[in-house]
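Colleague: Pasting a predicted model and its sequence here:
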Protein chains: 2
Amino acid sequence: MGFWKSLFSSSDAPSASQAMQVEDYPSRAAGDRPHARIFFSTEREIDLYELEELCDAVGWSRRPLRKVKKAIQHSFLVVSMWEQQGSHRRLIGFSRATSDHAFNATIWDVVVHPDFQSKGLGKALMKQVIKKLRSEDISNITLFADPQVVDFYRNLGFMSDPEGIKGMFWYPD
Amino acid sequence: MGFWKSLFSSSDAPSASQAMQVEDYPSRAAGDRPHARIFFSTEREIDLYELEELCDAVGWSRRPLRKVKKAIQHSFLVVSMWEQQGSHRRLIGFSRATSDHAFNATIWDVVVHPDFQSKGLGKALMKQVIKKLRSEDISNITLFADPQVVDFYRNLGFMSDPEGIKGMFWYPD
């Protein structure tokens, strides 16, 4: 994690019903926000409009909020990433995973706001996801990667097509 | 489905709390079991030892039954395939899918007993899985295919690496 220092919920961390983890926000990444900090949360009560704004920022197609809500409710794991300045929190990253709670998990909807990309935050977000899945004894962590992010995931320890296993998508005949 | 004829639970079908679908079992596939019929079930109360026997028959590594039970409980969909002769039922195929209940599903653990392979039953099983997922409004049906079954899934309408999307698996650094 390089210059990242992990700290579990400190006294000034925002309260949350789910465990929340704090990462010190390095000033060189913060730019004009030197006092900002980064938080990760597994709380799934996320403002859907704020999440939509984040997904809009990276150019994703809009999806019905009713279905997004259902997908979040039925995900095994949700990890969101927040920038906190004083009492203000901003959603800057998101990821979730489906799972059978025993063997397999599949990671979906990994997004980091463009203002916060290329600072190691995507990597930090994914490490939180992997750590959490591993702590739940999930041995097979999978995902489907767009071509431009295959190397990003490879650097995190993901392998494409191991032993010739192919990711496949169903389309109607 | 060729010579298969689909029938919803007829009067002599076994009772089940989940919807159960009957396929007429063609005599040319039955060999010495001309009066056998094939049933599909979404009931997840499956005898774990019977399932283990089926998985043993195709040479899969054994998994703790406690975890198999948990995985079945937390799958979005379970479809099992049964041969019925008189009052005797035999588990001859199995498949399950994880899902966020909204957008994505991933199919795992597709197995057909060797005695019943190469008769179109794997295809029939997968068609049941796809039909059920589509009926639940899941638009993105995915799986990870071993090299020797990529063509099997391609014939069912699955595409490998569409638009360069790669299936990836996490392994520790």
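Modeller: Sure, I can see it. Numbers count the residues shown, from 1 in each chain, chains lettered A, B, ... in the order given.

Colleague: Now chain A against chain B: closest residue?
Modeller: A:Gly167 (2.1 Å; CB to the nearest CB). All C-beta atoms are positioned from the backbone trio N, CA, C, and that covers glycine.

Colleague: Next up, the contacts around that residue.
Modeller: A:Phe144, A:Asp161, B:Thr142, B:Leu143, B:Phe144, B:Ser160, B:Asp161, B:Ile165, B:Lys166, B:Gly167, B:Met168 (CB atoms under 8 Å, 6 or more residues apart in numbering or on different chains).

Colleague: hmm, 6 Å instead?
Modeller: Contacts for A:Gly167 (CB atoms under 6 Å, 6 or more residues apart in numbering or on different chains) come out as A:Phe144, B:Phe144, B:Gly167.

Colleague: how about TSV for those, with secondary structure and distance to A:Ile46 added?
Modeller: What follows is the contacts of A:Gly167, written out as TSV (DSSP: H, G, I helix; E, B strand; the rest coil; distance: CB to CB, whole Å):
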residue	secondary structure	distance to A:Ile46
A:Phe144	strand	22
B:Phe144	strand	29
B:Gly167	strand	27
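
Colleague: quick revisit: show me what the residue of chain A closest to chain B is bridged to.
Modeller: With DSSP bridges as the criterion, A:Gly167 is bridged to B:Phe144.

Colleague: returning to that earlier point: for the contacts of A:Gly167, give me a markdown table that also has distance to A:Ile92.
Modeller: Output for those, formatted as a markdown table (distance: CB to CB, whole Å):
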| residue | distance to A:Ile92 |
| --- | --- |
| A:Phe144 | 23 |
| B:Phe144 | 31 |
| B:Gly167 | 28 |
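
Colleague: A:Thr42: which of these is nearest?
Modeller: A:Phe144 (22.2 Å; CB to CB).

Colleague: my read: the closest one touches B:Glu163, true?
Modeller: No - applying CB atoms under 6 Å as the test, A:Phe144 and B:Glu163 come out as separate, 10.6 Å apart.

Colleague: When the two are compared, which one has more neighbours?
Modeller: Neighbours per residue (other CB atoms under 10 Å in any protein chain shown) separate A:Phe144 from B:Glu163, with A:Phe144 holding more: 22 against 8.

Colleague: related to what we said a few turns ago, now do the residue of chain A closest to chain B against A:Arg37, distance only.
Modeller: Per CB to CB, to the nearest Å, A:Gly167 is found 36 Å from A:Arg37.

Colleague: cool, A:Pro114 as well?
Modeller: A:Pro114 is 20 Å from A:Arg37, by CB to CB.

Colleague: of those two, who's got more company?
Modeller: Comparing A:Pro114 with A:Arg37 by other CB under 10 Å, the one with more neighbours is A:Arg37, at 19 against 12.

Colleague: Tell me the bridge partners for the more buried one.
Modeller: Where A:Arg37 sits in a bridge, its partners, by DSSP bridges, are A:Gln84.
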